[in-house]
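S.K.: how would this look folded up:
(one chain, ligands or ions: 1)
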Amino acid sequence: MQTAKMAVSLSLLLGINHDMMNTQYLDQISDLLDQMTLSEKIGQLSQFQTPYGQIPENFKQQLQNGDVGSVLNEADLDTITEMQRIAVEESRLGIPLLFGRDVIHGFKTVFPIPLGQAATWSETLVEQAARVSAIEARSSGINWTFSPMIDISRDPRWGRIAESFGEDHWLTSKLGNAMVDGYQTDNLKNHDAIAACAKHFVGYGAAESGRDYNSVNICENELRNVYLTPFKSACDNKAASMMAAFNDLNGVPASGNEWLMQDVLRTEWGYDGVMLSDWDSIRQLSIHGFTENDKASALAGINAGIDMEMVSTTYADHIEQLLSEGKIKTSQIDTMVKRILLLKFKMGLFDAPYTASEKFPELVNDQHRQIAKEVARNSCVLLQNKHNVLPLAKDDLSSVALIGPLADDGYEQLGTWIFDGDEQHSVTCLQALKAYLGNDVALNFAKGLATSRTTDDSGFNEAITAVKQSDVAVLVLGEESILSGEAHCRTNLDLPGAQHALIRAIKATGTPIVLVVMAGRPLTLTPIMDDVDAILYAWHPGTMGGEAIKELIFGEYSPTGKLPVSFPRNVGQIPIYYNQKHTGKPVTDDNWAFIDDIPVRAEQTSMGMNSAHIDCHFTPLFPFGFGLTYGELSYQNLQVKTPSITPEGALIVDVELVNDSQRDIIETAQLYIRDLHASVTRPVRELKAFKRVEIKANSRQPITFILQASELSFYNQRMQKVLEPGLFHCWIGGDSQASLQGEFRVI
Ligand code: BGC
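M.R.: You can find the predicted model right below:
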């Protein structure tokens, strides 16, 4: 008899807590396990990709045999429904399938890349974007997304920085959880919820030289204090699954790392979600040189506790033999199967395996587009605004030149990982400006360059002519989508191709230049800073990018975005991040020597021996947290209300935000701390809280931060989480270089 049909109605369980639900499911899972053959168990551990929209005859047979636990990358609802029907109705035990896909920043409605979403510093917006993504994906049958990516990313050479929330683990934890909440809702059984997958466990973003898949070496203390923390948060927030990373971590590839996945994740943290391999990452253990062959790789993956193998078939091919040779125990396999069944029960798939398509709204509907616009608008970061060239005032203009290969390209503005995004739905800058300016203001459009990376400058003349006929030039430049994302790493982060040459040619006309950058990473903007007046960093803004950018440059809204990652002056500074350590020889403006100030044939002395490069200033071009707006904002009167706090107490700090302009301002105020002396060295600053505040025109807005003392704890040399007494500094301001400082003591 089919177990799906035997299953007790789980609706009885609604209203009781998660742990009780898990216990209840465990009985059902045990019943099911008792009936499963070894090959059915192995089936649950296997995730396959099939040709899109098709169910080949041999795969149908596999489904009927119960040899499939999950299908990857199918998004055609009819195909998914039919696969699910075969699994549920034609296999012996009727176990439903999980349908996984990379829904990374939207499905049909595309939101800004995750790095852009991080620039909103808004858990609400990130959650809303994930909610829309989940609704659209689930309406197409997908019930599992391989997102969020919560790898700490301090290296913009790495193409996958686009998929991350940037360099800070605290911000990443908050936004990662918001994304999980948006996907999963408060109950995975909801008809429009999908399971999240926090990835990549762990350290993938620290690939040496920013080269994808490269080795990673991070000491345990740094792992625990930084890289693991977003995953611990995702675990506490009940993210349904995690994905193992491709990289070698301290000599042990993550996908075969028992310490990481058994000792830390399962035993210490008690995580009971599904651990999925990355694409082929178990088979690749032998390519790393960690195992001798596929059989040994399967053994390593199982011992590490990876429950499901993505695409490669080392489990399917070797588990039986590994069992008969006594190298693994049936109980290990059972534990893995149980976790997968538990997820399927929690998702209610045994009761409701099919997508209830009648319950879903239309894809890319007005509400979804509106949310996409709002997220895009809040993700744009104003980096420079000389002479307040922005906002532009339509009434003062008779003509605008719109220039650049990304100004009217609905595809390129979507960014990396948009399997389902459709450029037909995009609003480009050209479309948005045309609609807004109408017949009142002439719009002179020329691409100037066919693509972002071409060096063919034959379009320059047309662009220069357009600019000469205009009051202002809006340039939309940057990187095409494919220049960032997985395996798309760069060593040169300047604007590619002939884009700088185009900027210089336009600058020669004397027309004010507003530069909008669309890119998947921080680019090195140093070479062009002096050549343009304003810079609005729009990342890859997604479906509604053009509309959002138009609203900002014409001042319908003021920019609110803040950088989730430091912008280097040049590639040689990388990795440069705000929460670095102090070192024993910190550099300051007073002790830094620039190369041009060092006399020729200078003596070798210990003077000026600082932790700095002599040929580049030691600060980033733009610091973490930075972002301008149109008003005049300052921070004043910081007051620490609790100069000493106990470990059970809380820090309370007041500050005033002062708006000296005629515009209302929305500002993200940030609280940083520094633990001055500790048993392991602590970062020069650590973000501990932020608040989005509205400050009305010409007014003062007092705000208060309350931080529990426990938030000041860290892992010590013995890897214990401790809060040590001592002196702390704190700063509140608009970025990580905030100067308004206070101090307090933990007693
Ligand atoms: C990536 C994962 C992704 C998977 C499935 C891999 O190459 O590293 O992040 O989820 O492919 O597409």
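S.K.: which outside residues touch stretch 454-473?
M.R.: 389, 392, 396-403, 405, 442, 444-450, 497-498, 501-502, 505-506, 509, 511-514 (CB atoms under 8 Å, 6 or more residues apart in numbering). Using the backbone N, CA and C atoms, a C-beta is placed for each residue, glycine as well.
S.K.: count of residues packed around the residue of the stretch 301-450 of the chain found nearest the ligand?
M.R.: Closest approach between the stretch 301-450 of the chain and the ligand, counting by CB to the nearest ligand atom: Met310, at 6.6 Å. Neighbour count of Met310, defined by other CB atoms under 10 Å: 22.
S.K.: pLDDT at the residue of the stretch 101-250 of the chain found nearest the ligand, what is it?
M.R.: As assessed by CB to the nearest ligand atom, the ligand sits closest to Phe146 within the stretch 101-250 of the chain, at 3.5 Å. Looking at Phe146, its pLDDT reads 98.
S.K.: and stretch 119-135, how far out from the chain middle?
M.R.: Relative to the chain's own centre, stretch 119-135 is displaced by 12 Å; criterion: CA atoms, centre = their mean, to the nearest Å.
S.K.: just the C-alphas of it, formatted as PDB.
M.R.: C-alpha atoms of stretch 119-135 as PDB (Å, rounded to 0.1, in the frame of the first residue of the first chain):
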ATOM      1  CA  ALA A 119      22.700  47.600  -0.300                       C
ATOM      2  CA  THR A 120      19.100  48.300   0.800                       C
ATOM      3  CA  TRP A 121      20.100  47.200   4.400                       C
ATOM      4  CA  SER A 122      16.500  46.300   4.700                       C
ATOM      5  CA  GLU A 123      15.300  43.000   6.000                       C
ATOM      6  CA  THR A 124      11.800  43.900   5.100                       C
ATOM      7  CA  LEU A 125      12.600  44.500   1.400                       C
ATOM      8  CA  VAL A 126      14.800  41.400   1.200                       C
ATOM      9  CA  GLU A 127      12.100  39.300   2.700                       C
ATOM     10  CA  GLN A 128       9.500  40.800   0.300                       C
ATOM     11  CA  ALA A 129      11.700  40.000  -2.700                       C
ATOM     12  CA  ALA A 130      12.100  36.400  -1.500                       C
ATOM     13  CA  ARG A 131       8.400  36.100  -1.000                       C
ATOM     14  CA  VAL A 132       7.600  37.100  -4.500                       C
ATOM     15  CA  SER A 133      10.400  34.800  -5.800                       C
ATOM     16  CA  ALA A 134       8.900  31.900  -3.800                       C
ATOM     17  CA  ILE A 135       5.300  32.600  -5.000                       C
END
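S.K.: from Ile104, how far out is the residue nearest the centre of the chain?
M.R.: What sits nearest the mean C-alpha location of the chain, by CA atoms, centre = their mean, is Ser164, with 2.6 Å. From Ser164 across to Ile104, the span is 11 Å (CB to CB, to the nearest Å).
S.K.: what residues does the chain have near the ligand?
M.R.: 102, 146, 199, 278-279, 486 (CB under 6 Å from any ligand atom).
S.K.: of the residues you listed, closest to Gln184?
M.R.: Taking CB to CB as the measure, Gln184 lies nearest Phe146 of these, at 13.8 Å.
S.K.: still on that earlier bit, give me the subset of the contacts of stretch 454-473 lying in helices.
M.R.: 501-502, 505-506 (DSSP state H).
S.K.: could I get the buried residue list for the strand or helix carrying Leu433?
M.R.: Taking DSSP states H and E as the definition, Leu433 sits inside helix 429-437. Buried residues in helix 429-437, defined by neighbour count with 16 or more other CB atoms under 10 Å: 429-434, 436-437.
S.K.: cool, stretch 407-420 as well?
M.R.: 407-418, 420.
S.K.: residues touching the residue of the stretch 301-450 of the chain closest to the ligand, list them.
M.R.: 47, 72, 243, 276-281.
S.K.: and Lys41, by the same measure?
M.R.: Contacts of Lys41 by CB under 8 Å, 6+ apart are 33, 333-334, 337.
S.K.: what's the farthest-apart pair in those residues?
M.R.: Leu33 and Ile333 (9.7 Å).
S.K.: cool, thanks, signing off.
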